[in-house]
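Enquirer: Here is a sequence together with a model predicted from it:
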There are 2 protein chains.
Amino acid sequence: MTGQADVIVIDWGASCLRAYLCAESDDGLKVLAQVTGPGVTKVGRSFEAVLSNAIAPWSKQYGALPIFMSGHIGSSLGWHEAPYVFCPASPEDVAKKVIQFESNGHNIYVVPGISCAEPDAHRDVMRGEETHVLGWLNLDDAHRQGKHLLCLPGTHTKWVLVESGLITVFKTAITGELFDLLSHQSVLIQNQSNEIDMTAFERGVRLTLDSDSGQFVHGLFSVRTLQVLGDLKPEQAKSYLSGVLIGSDVRAALMAPEWTISELSSITLIGSQSLCRLFSKSLEIKNISTGNIDDKQTCLSGFSAIYRAVL
Amino acid sequence: MTGQADVIVIDWGASCLRAYLCAESDDGLKVLAQVTGPGVTKVGRSFEAVLSNAIAPWSKQYGALPIFMSGHIGSSLGWHEAPYVFCPASPEDVAKKVIQFESNGHNIYVVPGISCAEPDAHRDVMRGEETHVLGWLNLDDAHRQGKHLLCLPGTHTKWVLVESGLITVFKTAITGELFDLLSHQSVLIQNQSNEIDMTAFERGVRLTLDSDSGQFVHGLFSVRTLQVLGDLKPEQAKSYLSGVLIGSDVRAALMAPEWTISELSSITLIGSQSLCRLFSKSLEIKNISTGNIDDKQTCLSGFSAIYRAVL
């Protein structure tokens, strides 16, 4: 680590902590060092000790830098709750509701989550993803104009509609969590091969992408049936299951009454390359083009925007 | 235990063994005693020892009675495989494919499963449920005439179409397995209250019963959202989740291209009283009447028919 450090930013979700030591520049935050640690649900209430331990070398070298955090750490089950900002939400609304407290001499800032809370409309909540969306808005002035649909695949897929720079509505599917549970603890999968078989994946996608709900709840069992009947190899089963789940998630997004897909020129995927590839492939089947952005980039860009707005 | 015993029948599924010591009479099998034990997936390959232990008092008193078994025990992961009978399948077809072997002097008969195996049609498999369906057919001559849809809720819901006494097609949904995984191991449920709250259950049912797949994969997360937003009490969450899952299962069955609901006068539910009540309630919302039969009755009736056909 060399040079001046200005801030520590942390994506502290339910299952993982990702901290970055950063220097500020005209181009935004530049990462000097990074470290990972245990997620919010894994540390009891020892948030202060876990944080202090994770960033100890940085504190020693740079003193009590300001720390920005987002994710589950700001929930009612986290360290200090940062109440939700209601949709429609602008980057400024989010920055205004950042909460602040002190820990071991560090000023700590926690980014609030966002909620859709209208009683008779779709209701939903996010924590952590708002920082990525703000980061995406911060990457290009054009993103603040017109209507855009972002998809953030992960443990929970978030589909986020952005209109004229505001987050107006979003939807969550627990696709990744279902995949994890069904892969490891259901009757569907015995072979734990993690190699993606794109043929099996696409076959799964097509089962659910083109059909009504029946193909999901009744179709999940086909993961087992096809193996029993010798029509799917055990080592293909996880890829096929992934397709069934992602096809269903994508179909639900395409049919969502909250937006009209034909009005959008493309869908922006924000996430890991491997997951974005699977969503991109599924959308391609419906002739929908996608752009991919790495989630580390949107995370840093989001914290950069919030850091500037707050300090 | 008094009187003459003729046969032991065992429903030996993946998660549980249920054995009944029975006497035969003109009215079918009469239970003299019953015992439960570990399921097929829980005993390694020690099937003989587990069985021998479970029925030891009966063997001591009555000697080596014939034993009839159905369920996962006849699968490729069970003791001896009884290959599937293809649809359309009659009770006679099933009885003909019963396999037989010996263990500790007992003649053991294993009922085969049934499969829908047409390449371009719906494909599915069942093991254990066929005995209940045969039992239902055996209860009343009228059941062998016309078209009937049976629903067997459980870990895996089976929807079975019976036409003129033949099982012609069936569909599986892993509703119970999903409920179990999502109740105990997902972000959706923290409160483990098992009391069914019918208002919350119906609210969940209505979310999925009336809507396309989007309300399932995107709607599951509402179990959490509604709690976070204070619109669902934590102790209602499991009932609501149960409704979301069962509503989706029922909707898929009502929309299934393999049968036409309007052609059926009612749907017969075979299962535990508590589960049948939830499915019955969901079908009632769609003005579909149901009849309920306890699964112990269909199990014994099914084994009774097979016993007579085989011995």
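Expert: Sure thing, it's come through.

Enquirer: Provide the contact partners of the helix or strand of chain A with the lowest mean pLDDT at residue level.
Expert: For chain A, using mean pLDDT, DSSP states H and E, the weakest element among its helices and strands is helix A:214-217, scoring a mean of 78. Where contact means C-beta atoms under 8 Å, 6 or more residues apart in numbering or on different chains, the residues beyond helix A:214-217 that reach it are A:207-208, A:244, A:248, B:173-175, B:213, B:216-217, B:245, B:248-249, B:251-253, B:255-256. To be clear about C-beta, it is placed using only N, CA and C from the backbone, and glycine gets the same treatment.

Enquirer: pLDDT (mean, whole number) over the next helix or strand after it?
Expert: Once the chain leaves helix A:214-217, the next helix or strand it forms, by DSSP states H and E, is helix A:222-228. Summarised as a single mean, pLDDT over helix A:222-228 is 94.

Enquirer: State the next helix or strand along the chain beyond helix A:222-228.
Expert: Remark: after helix A:222-228, the chain's next helix or strand is helix A:237-255, criterion DSSP H and E.

Enquirer: tell me which residues in that following helix are buried?
Expert: A:237-254 (16 or more other C-beta atoms under 10 Å in any protein chain shown).

Enquirer: can you check stretch A:134-145 too?
Expert: Those would be A:134-139, A:143-144, for stretch A:134-145 by 16+ other C-beta under 10 Å.

Enquirer: Kindly report the same for stretch A:188-198.
Expert: Buried, per 16+ other C-beta under 10 Å, within stretch A:188-198: A:188-189, A:196-197.

Enquirer: could I get these as CSV with distance to residue A:119?
Expert: Below are those laid out as CSV (distance: C-beta to C-beta, whole Å):
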residue, distance to residue A:119
A:188, 37
A:189, 40
A:196, 41
A:197, 45
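
Enquirer: right, and the pair among the residues you listed with maximum separation?
Expert: Taking C-beta to C-beta as the measure, the buried residues of stretch A:188-198 span a maximum distance of 16.7 Å, between A:188 and A:196.

Enquirer: what secondary structure does residue A:265 sit in?
Expert: Here residue A:265 is coil, with the state taken from DSSP: H, G, I helix; E, B strand; the rest coil.

Enquirer: Hmm, residue A:239 and residue A:204 touching each other?
Expert: Yes: the criterion here is C-beta atoms under 8 Å, and residue A:204 meets it with residue A:239 at 7.1 Å.

Enquirer: hang on, the earlier thing: from the buried residues of helix A:237-255, list the ones also adjacent to chain B.
Expert: Filtering the buried residues of helix A:237-255 for neighbours of chain B using C-beta under 8 Å from any C-beta of the partner chain leaves A:245, A:248-249, A:251-253.

Enquirer: from these, which is closest to chain B?
Expert: residue A:252 (3.5 Å; C-beta to the nearest C-beta).

Enquirer: Surely the closest one and residue B:218 touch.
Expert: Yes: assessed by C-beta under 8 Å, residue A:252 is found in contact with residue B:218 at 4.8 Å.

Enquirer: Present the ones next to chain B among the buried residues of helix A:237-255 as a markdown table; the columns should include distance to residue A:129 and pLDDT.
Expert: Formatted as a markdown table, these follow (distance: C-beta to C-beta, whole Å; pLDDT from 0 to 100):
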| residue | distance to residue A:129 | pLDDT |
| --- | --- | --- |
| A:245 | 19 | 96 |
| A:248 | 20 | 93 |
| A:249 | 15 | 95 |
| A:251 | 21 | 93 |
| A:252 | 17 | 92 |
| A:253 | 15 | 94 |
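
Enquirer: List the residues that contact residue A:266.
Expert: Residue A:266 neighbours (C-beta under 8 Å, 6+ apart): A:288-291.

Enquirer: ok, back up a step: nearest to chain B, of the buried residues of stretch A:188-198?
Expert: residue A:188 (7.4 Å).

Enquirer: give me the number of residues near the nearest residue to that closest one once chain neighbours are set aside?
Expert: For residue A:188, ignoring the flanking residues on the chain, the nearest one in space by C-beta to C-beta, 6 or more residues apart in numbering or on different chains is residue A:223 at 4.2 Å. Residue A:223: 28 surrounding residues under other C-beta atoms under 10 Å in any protein chain shown.

Enquirer: Please apply the same query to residue A:36.
Expert: Neighbours around residue A:36, by other C-beta under 10 Å: 11.

Enquirer: Only the buried residues of the helix or strand hosting it, if you could.
Expert: If you go by DSSP H and E, residue A:36 is part of strand A:28-38. Buried residues in strand A:28-38, counted by 16+ other C-beta under 10 Å: A:28-30, A:32, A:35, A:37-38.

Enquirer: Would you format these as a markdown table with distance to chain B and pLDDT included?
Expert: Shown next, in a markdown table, are the buried residues of strand A:28-38 (distance: C-beta to the nearest C-beta, whole Å; pLDDT from 0 to 100):
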| residue | distance to chain B | pLDDT |
| --- | --- | --- |
| A:28 | 32 | 93 |
| A:29 | 30 | 96 |
| A:30 | 34 | 96 |
| A:32 | 33 | 97 |
| A:35 | 25 | 98 |
| A:37 | 20 | 97 |
| A:38 | 17 | 96 |
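
Enquirer: could you dump those residues to CSV with distance to residue A:88?
Expert: Converted to CSV, the buried residues of strand A:28-38 look like this (distance: C-beta to C-beta, whole Å):
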residue, distance to residue A:88
A:28, 25
A:29, 27
A:30, 32
A:32, 36
A:35, 35
A:37, 34
A:38, 34
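
Enquirer: Pick out whichever of these sits closest to residue B:161.
Expert: The nearest member of the buried residues of strand A:28-38 to residue B:161, counting by C-beta to C-beta, is residue A:38 at 50.8 Å.

Enquirer: Cheers, nothing more for now.
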